[in-house]
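Undergrad: this one's structure only:
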């Protein structure tokens, strides 16, 4: 085996596989229980990312998939926008896949992956 071929094989084994589908995906829904029209979607996120709806957007529920640790949900409105302040709901590790409904009278605006 040539040195060039050996180095190429080593690089392919060490680099992450982009086809593996790693990362967190979120789908924001207009209705409760992850139903109704989709407000927005996001994929390929990682721990430390804050995902938020722009232009004063909000959603009644959020479907999540591939969460390796925790996901923190923040209600829509002023001091909580863009993952600020204390979260209104925290799904503990390993969160995995699921659906989170906003508390009565509120909507979700952002989610923080930890």
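TA: Noted; the coordinates are in hand. Note that the coordinates shown come from a computational prediction; the quantities given were computed from them, not determined experimentally.
Undergrad: and the pLDDT for the residue lying closest to residue 45 once chain neighbours are set aside?
TA: Excluding the flanking residues, the one nearest residue 45 by CB to CB, 6 or more residues apart in numbering is residue 24, at 4.4 Å. Every C-beta, even on glycine, is put in place using the N, C-alpha and C of the backbone. For residue 24, the pLDDT comes out at 93.
Undergrad: list the contacts of residue 24.
TA: Applying CB atoms under 8 Å, 6 or more residues apart in numbering, one finds that residue 24 lies in contact with 43, 44, 45, 46, 49, 64, 65, 66, 67, 68, 71, 113.
Undergrad: what about 7 Å?
TA: By CB atoms under 7 Å, 6 or more residues apart in numbering, the contact set of residue 24 is 45, 46, 64, 65, 66, 67, 113.
Undergrad: ok, now residue 101?
TA: Contacts of residue 101 (CB under 7 Å, 6+ apart): 32, 33, 60, 61.
Undergrad: partner residues bridging it?
TA: residue 61 (DSSP bridges).
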